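> give me a 3D structure for the following:
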Amino acid sequence: MAKLVLLRHGESMWNKENVFTGWVDVPLSEHGVSEAFNAGKDVADIEFDVIYTSTLVRSLETAMLVMTKSQFNRTPVIVHKEGDKREQWAKIYNKELEKRTIPVYQDWHLNERYYGELQGKNKKETADKYGAEQVHIWRRSYDVPPPNGECLKDTAERTIPFFKEYILPLLKDGKNALVVAHGNSLRSIIMYLDCLSEEQILQLELATGVPVIYKYEDGKLTR
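Model prediction:
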């Protein structure tokens, strides 16, 4: 039986300020760091074989902080893309130590929903300007995007195929996987895993720093 842990990153500095963040690459807040440590305690007894994060720093920060609480003596190590100088120069020349590493893959398909022209804007001020109903539609409808941004449907069209191609086969092979990403990228994956309708997914909220744990058994993923 393999385990899959989906984790929304800890509170970011712009979460704290109630700002639309999207693909803007901002770090965790002090509270977000604490959330990541607490999430690490919650999953400390799961020995992960692989870690996936988005390319955004708040996701990677969270994953690394989570692993500091692990009960297993293994080190998460970022896998750099082929052809990157870091791929060659990050070679490990200690075979025993290399066996105790966990590969960490970063991929843009797991990035947060692109909020377009809302990025960097305060959510309350945006609601005051455009109306609370309009902003609610941009934030919570399934197929209505914000100005020049992505809707949840668009996000699902990149996250779900990625999950099926890269993460699901690992679970089938019995490997435990940690996926640290964002509220909307993870909601879209959960929509697929839990067979939620377009209406049901709109009601799903994911708190920062709270692991969602699935088990893969007999060809099925269940919470």
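> quick one, grab the pLDDT at the nearest residue to Leu60 once chain neighbours are set aside.
Distance criterion Cβ to Cβ, 6 or more residues apart in numbering; nearest residue to Leu60, sequence neighbours excluded, is Thr53 at 5.0 Å. For every residue, glycine as well, the C-beta is placed using N, CA and C. pLDDT for Thr53: 98.
> for Leu202, same thing?
With respect to pLDDT, Leu202 has a value of 88.
> look up how far Glu96 lies from the nearest residue to it once chain neighbours are set aside.
Among residues not flanking Leu202 along the chain, Arg140 sits closest, at 5.4 Å (Cβ to Cβ, 6+ apart). Arg140 sits 50 Å away from Glu96, going by Cβ to Cβ, to the nearest Å.
> next up, the contacts around Val104.
Ile51, Tyr52, Thr53, Leu60, Ala63, Met64, Pro76, Val77, Ile78, Val79 (Cβ atoms under 8 Å, 6 or more residues apart in numbering).
> about what we covered before: show me what the residue nearest to Leu60 is bridged to.
Beta bridges link Thr53 to Gln106, Val180 when assigned by DSSP bridges.
> what does the helix or strand bottoming out on mean pLDDT in the chain contact?
Lowest mean confidence among the helices and strands of the chain (mean pLDDT, DSSP states H and E): helix 85-89, at a mean of 90. Contact with helix 85-89 is made by His80, Lys81, as judged by Cβ under 8 Å, 6+ apart.
> CA-only coordinates of it, as CSV, when you get a sec.
Written as CSV, here are the backbone C-alpha positions of helix 85-89 (Å, rounded to 0.1, in the frame of the first residue of the first chain):
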residue,chain,number,x,y,z
LYS,A,85,25.0,23.0,-15.2
ARG,A,86,23.7,22.2,-11.7
GLU,A,87,22.7,18.7,-12.9
GLN,A,88,26.4,17.9,-13.5
TRP,A,89,27.9,19.8,-10.6
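> hmm, back to that, ok, the contacts of Val104 vs Leu7, which is closest?
Leu7 lies nearest to Ala63 out of those, by Cβ to Cβ, at 7.8 Å.
> C-terminal to the helix or strand harbouring the closest one, what's the next element?
If you go by DSSP states H and E, Ala63 is part of helix 57-67. Counting by DSSP H and E, the next helix or strand C-terminal to helix 57-67 is strand 75-78.
> run through who's touching that following strand.
By Cβ under 8 Å, 6+ apart, the list of residues contacting strand 75-78 from outside reads 51, 60, 63-64, 67, 90, 92, 97, 100-104, 106.
> mind listing what's buried in stretch 137-145?
By 16 or more other Cβ atoms under 10 Å, the buried positions in stretch 137-145 come out as Trp138, Arg139, Pro145.
> show me what the strand or helix carrying the first one is packed up against.
In the assignment (DSSP H and E), Trp138 maps to helix 132-140. Applying 3 or more Cβ pairs under 8 Å, 6 or more residues apart in numbering; DSSP states H and E, one finds that helix 132-140 makes contact with helix 123-130.
> so what's the gap between the helix it packs on and the chain middle?
Relative to its parent chain, helix 123-130 has a centroid offset of 27 Å by Cα atoms, centre = their mean, to the nearest Å.
> what comes up buried for that helix?
Neighbour-count burial for helix 123-130 flags Thr126, Ala127, Tyr130 (criterion: 16+ other Cβ under 10 Å).
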